[in-house]
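Colleague: 3D, please:
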Amino acid sequence: MGATVLQVEVHPPRVKQMLALCCSAFSWQQLCNLEYIMLHKLHFSLGVPTISFLEHFMHKCVDVGQAEVSKTLEVQALARGVVELSLADYAFTNYTPSLLTICCLALADHKLQLLCLVDLHLGGHPEAALQDCLGKLQLLVAINGTLLTQMLPFHISKKCGLFLSSE
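Modeller: Numbering: from 1, shown residues only. Down below sits the predicted model:
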């Protein structure tokens, strides 16, 4: 059996940079398709460190007595859904996993109206970066509310106002 190797790319090269290295022999779409084919052929399992940060930050909140376990599980479920949505959007590749996680947790906390369960400054990120990421996440959730509703347990969707009735 092969060993699992973890590789974390903090500053991945941009597609534009890769195209320049290839002397513009490929289009943007061709390069993205080629990357997909190579990863598939190599049986890569792409993991996302953001999910690990979710659990880490939630444990911190419970350990210092900021939140009840039942409430943190709800926040974590909603934040996980928002994280999953963000993985499909290139706009979020600019953010470090810890920054993205803090913002997803803060947004989930706000949507569930749990009143500052998550400290935005827990990761030590600049205020401008936090506000930029939060703004983009709010837009992402607004645009993809229906999809997010389908990803979450019904009671959480209903509690945070994402549930859309068919009436």
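Colleague: surely L105 is in contact with A79?
Modeller: Yes. Contact status for L105 versus A79: in contact at 4.7 Å, counting by C-beta atoms under 8 Å. Any C-beta I mention is one placed from the backbone N, CA and C, and that applies to glycine too.
Colleague: more neighbours, these two?
Modeller: Set side by side, L105 and A79 show more neighbours around A79, with 31 against 28, by other C-beta atoms under 10 Å.
Colleague: pLDDT of the strand or helix carrying that one, averaged?
Modeller: Here A79 sits within helix 69-87, counting by DSSP states H and E. Taken as a whole, helix 69-87 has a mean pLDDT of 81.
Colleague: buried residues in stretch 105-115, which are they?
Modeller: Of the residues in stretch 105-115, those buried by neighbour count under the rule 16 or more other C-beta atoms under 10 Å are 105-112, 114.
Colleague: just the residues you listed: which are in helices?
Modeller: Applying DSSP state H to the buried residues of stretch 105-115, the entries found in helices are 105-111.
Colleague: hey, what's in contact with both of L105 and A79?
Modeller: Between them, L105 and A79 share the neighbouring residues L54, with contact defined by C-beta atoms under 8 Å, 6 or more residues apart in numbering.
Colleague: distance to S86 and pLDDT added to the ones in helices among the buried residues of stretch 105-115, as CSV?
Modeller: Written out in CSV, the entries for those read as follows (distance: C-beta to C-beta, whole Å; pLDDT from 0 to 100):
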residue, distance to S86, pLDDT
L105, 12, 86
A106, 13, 86
L107, 10, 87
A108, 12, 86
D109, 16, 83
H110, 16, 83
K111, 15, 83
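Colleague: now flag whichever of the residues you listed is closest to Q131.
Modeller: Checking those against Q131 with C-beta to C-beta, the nearest one is A106 at 10.6 Å.
Colleague: quick one: find the helix or strand in this protein with the lowest mean pLDDT.
Modeller: Using mean pLDDT, DSSP states H and E, the weakest-scoring helix or strand in the chain turns out to be helix 50-63, at a mean of 67.
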